[in-house]
Every structure is written in C-alpha cells, then in structure tokens.
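In: need a structure here:
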Amino acid sequence: MRPAEDTAAVSASVSASGAGGERTAKGRPPALVAGLLVTLAVLVLVALASVALGARSVSFGTVIDAFVAPDGSSDHTVIRELRVPRTLLGLGVGATLGLAGALMQSLTRNPLADPGLLGINEGAALGVTLALGLFGLSDPAVYVWFAFGGAALASAAVYALASSGRSGSSPVRLALAGVAFGMVCTAVASAILRMDPQTFDRMRFWLTGSLAGQTADTLVRLAPFMIAGLVLGLLLARPLNLLALGDDAGKALGVAVNRTRLLTGVAVTLLCGAATAAAGPLWFVGLIVPHAVRAVVGPDQRWVLPYSALAAPVLLLGADVVGRLIARPGEVQVGIVWAVIGAPIFIMLARRKRVAAL
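Out: Below is the predicted model of the structure:
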C-alpha cells in the first residue's frame, strides 16, 4: 500500500473509532447524569455531616439556625467560624486533587500517575517549607507561589528523569522517578525543619495533611487558584480524549498537542500547588478516585473529570469526619486517616492484573 493510501486508511480508522466513541457516549448520558447528581447529593450530605459533627456534635436544626438566625452562641460561632471554612476547604482540596490525578493519568497514559506518587505534592511541600522556614512568610497568598514553584519544578524534574535514556518514559519509570525525587524533597524539607524547631512545631500538623486550623481568610486567598485550575482542567476533556488515540491521530483531528500538554501541566500545577498550600501533602486521593471513576463511567474524560472532582471531596471530607469522631475530644489528621484507608486500596489496585482502561 502506498504511503498516501496508508495515511487515508489510518484517518478513516480514527474517524470510525471516534464516531463509535461518540455513539457510545451518547447512549449513556441519562445514567451518567443521574450518577453525577447522586454523587453531588452525597457530597452535600457529607458536607452537612462535616459541619454538624466533631468534638462536640450539634443537631442539623442548630446548623440551619446558625445560618438563618445566628445568635452569637458558642455552637453558632463554632459552626460559622471554624467548621464551615474547614468544610469548604475540604471540598476545594478534594476536588482539586481528584481532578489533578485524573488529568495526570490521562496526559501521561500512566495508571500510577498521582500528585503524591510522582513527587509533585512533595515539591509543593518543599516550596512551602522554604517559604516558612527560610523566609519567614506566613501569608498563604504569598507562600502559595512557592508551592506552585515547587510543584512545577517537581513535574519538570520527574519527567526529565523518566525520559532520559533510549527507552524513554514509561509508567514504571515515571513512578520510580517520582518516588526518588519526592524522597529528596522530603529530606531537604526535613533538614530545614530540624534547624528551626519553631517552624517545625508550626508545620508538624500541616505536613501530615490536615484541614484544621485554616481560617476563612485562607480559603478566600486560595480559592481563585483552585477555581482557575478546576475550570481549566474541565475544559481540557475533549482534547485529552482525542490525544488518547495517539499524538498523530490527535493532530489529524485538530488537537494542538504541545498546547494541550502545556495547559494540562498548568492546570495540575495550579491544582496541586493550591491544595498542598492549604492542607499539606495528601497521598492517594488523586490516584484512587480516578481509578474508581473510570471503572464506573469508562475512559471518556468528559465524564471522568467531573466525576473525579465530585467523588474525591466526598471521600476526603468523610475521612476528616471519621478522624474527628474516633479521637474525641481531640482528632486524627485527615492525612493519617486517608493513608490508612488509601494504602490497602492502592495495594489492591497494584495486585490487579488489569486496571480500568485509560
């Protein structure tokens, strides 16, 4: 077959595959939309539980009164000034990490891609440690830029390490490079904290991953970065779907491959940087949630991305509520609770011979 005929055959095959994918997607929306609404409803219930439950539980009637007719009582003050900002922060951090994991897995075609496993969370954490420990910066609106810088540096370094050599990058090489670079970042951050006990005392809960102790002001300062990353990430669903067919096929269908990769990298950096600056490094959220979502909705990123953004905060807020209930009147940080839950699930995924298709 002549080259021109071969190219035409490939284009026809790609077009047919795309049309078949569109038909499949069009045949499932009612069930998928219903599932999205159910996930949203569950998220609302978990958010209400996060506001009502804690070291001292309050009734849902009291929660409603705190918004409708606040009277300055201790219950209303705790709800409005502590639990509502904490719940909103959990919603934002969960959504950003879930979407970031889905974007990374789609872009790299790597089922092990995760902001923690690829060292991005550790890079962002190192940036925050430098800001707090060396420069004395305590304003989240300022040190979030250090988190972004650390996340971007980690992304570039891990990809460069994994791509070196003749074999190029692969899922295993990316995971190994991410773990190695993450350990370096963690070691450097630990060395900085050992030299400054006051900074270590201030950061010890943050480093384990915690939603506690953040005020509404912190949420307001970080919300624009989270929203920008979420909007940008969701808008990349269609080009990422087309890139799943391969770079050549994506170009033939009109995708700007380099621009899509750049924008995905920007979205992941915004999402991971803001989430890590707010709650510290959290493992497994961006790894497990997209896997579970793809097993239910399939590989279409138009559904994987929004489902991941809604399902992740359900699990993260649920873990935060569990941490508050099991250690009354104290609490266990959400990073510890989630690690206990997420590690066995990760082992189970690693032992499976097949994972949900990318």
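In: which other residues reach stretch 319-327?
Out: With Cβ atoms under 8 Å, 6 or more residues apart in numbering as the test, stretch 319-327 has contacts from 46, 49-50, 53-55, 86, 90, 211, 331-334, 336-338, 341. Glycine gets a C-beta too; all of them are placed from N, C-alpha and C.
In: switch the cut-off to 10 Å
Out: Residues outside stretch 319-327 that contact it (Cβ atoms under 10 Å, 6 or more residues apart in numbering) are 46-47, 49-55, 57, 83, 86-87, 89-90, 93-94, 209-212, 279, 282, 285, 313, 330-342.
In: list only buried entries from the residues you listed.
Out: Neighbour counting by 16 or more other Cβ atoms under 10 Å classes 46-47, 49-54, 83, 86-87, 89-90, 93-94, 209-212, 279, 282, 285, 313, 331-335, 337-339, 341-342 among those as buried.
In: show only the entries of the residues you listed found in helices.
Out: Within the buried ones among the contacts of stretch 319-327, residues falling in helices by DSSP state H are 46-47, 49-52, 86-87, 89-90, 93-94, 279, 285, 313, 334-335, 337-339, 341-342.
In: helices along the stretch 251-358 of the chain, start to end?
Out: In the stretch 251-358 of the chain, the helices defined using DSSP state H, counting those that start in this stretch lie at 257-279, 285-297, 301-325, 334-351.
In: average pLDDT for the shortest one?
Out: Averaging the model's pLDDT scores along helix 285-297 yields 90.
In: which strands and helices sit next to that helix?
Out: In terms of contacts (3 or more Cβ pairs under 10 Å, 6 or more residues apart in numbering; DSSP states H and E), helix 285-297 is packed against helix 29-52, helix 84-108, helix 120-133, helix 257-279, helix 301-325, helix 334-351.
In: so residue 56, which of the three states?
Out: coil (DSSP: H, G, I helix; E, B strand; the rest coil).
In: does it touch residue 75 like I think?
Out: Yes: counting by Cβ atoms under 10 Å, residue 56 does reach residue 75; the two are 7.9 Å apart.
In: those two: who's more crowded?
Out: Using other Cβ atoms under 10 Å as the criterion, residue 56 and residue 75 rank with residue 75 on top: 16 against 10.
In: wait, the more buried one sits on residue 81?
Out: No: under the criterion of Cβ under 10 Å, residue 75 makes no contact with residue 81, lying 11.3 Å away.
In: show me where the stretch 101-250 of the chain has its helices.
Out: 120-133, 140-163, 171-194, 197-208, 216-235, 237-243, 247-252.
In: from residue 97, how far out is residue 122?
Out: 14 Å (Cβ to Cβ, to the nearest Å).
In: now the common contact residues for those two.
Out: Shared contacts of residue 122 and residue 97, counting by Cβ under 10 Å, 6+ apart, come down to 115, 116, 276, 283.
In: what's near enough to touch the last one?
Out: When contacts are counted by Cβ under 10 Å, 6+ apart, residue 283 is found next to 97, 114-117, 121-122, 182, 209, 335, 338-339, 342-343, 346.
In: how far away is it from residue 266?
Out: Taking Cβ to Cβ, one finds residue 283 at 23 Å from residue 266.
In: same question for the second one.
Out: Per Cβ to Cβ, residue 116 is found 20 Å from residue 266.
In: which of these two has more neighbours?
Out: The neighbour comparison of residue 116 against residue 266 (other Cβ under 10 Å) goes to residue 116, with 26 against 17.
In: help me confirm that that one comes into contact with residue 272.
Out: Yes: using Cβ under 10 Å, residue 116 is in contact with residue 272, at 9.2 Å.
In: still on that earlier bit, of the contacts of residue 283, which is the nearest to residue 105?
Out: residue 114 (7.9 Å; Cβ to Cβ).
In: and that closest one, how far from residue 224?
Out: Where residue 224 is concerned, residue 114 sits at a distance of 25 Å (Cβ to Cβ).
In: again with residue 82
Out: Residue 82 is 23 Å from residue 224, by Cβ to Cβ.
In: neighbour count: those two, which is higher?
Out: For residue 82 versus residue 224, neighbours defined as other Cβ under 10 Å are more numerous around residue 82 (17 against 12).
In: need the contact list for that one.
Out: Residue 82 neighbours (Cβ under 10 Å, 6+ apart): 51, 54, 212, 213, 214, 215, 216.
In: okay, now the fourth one: neighbour count?
Out: The local packing count at residue 213 equals 11, with neighbours defined by other Cβ under 10 Å.
In: report pLDDT for the residue lying closest to it once chain neighbours are set aside.
Out: Leaving aside its sequence neighbours, residue 213 sits nearest to residue 205 (Cβ to Cβ, 6 or more residues apart in numbering; 6.8 Å). Turning to residue 205, the model gives it a pLDDT of 73.
In: residue 61 is in contact with residue 48, correct?
Out: No: Residue 48 is beyond contact range of residue 61, at 11.8 Å (criterion: Cβ under 10 Å).
In: more neighbours, these two?
Out: Legend: neighbour count by other Cβ under 10 Å for residue 48 and residue 61, higher for residue 48 (14 against 9).
In: how close does the more buried one sit to residue 185?
Out: Distance from residue 48 to residue 185, by Cβ to Cβ: 37 Å.
In: ok, now residue 66?
Out: Taken as Cβ to Cβ, the span from residue 66 to residue 185 is 41 Å.
In: touching, residue 307 and residue 95? I think so.
Out: No: assessed by Cβ under 10 Å, residue 307 is found out of contact with residue 95, at 11.1 Å.
In: out of those two, which sits in the busier spot?
Out: residue 95 (27 against 24).
In: contacts only, for that one.
Out: 43, 226-227, 229-230, 233, 271, 275, 306, 308-314, 316.
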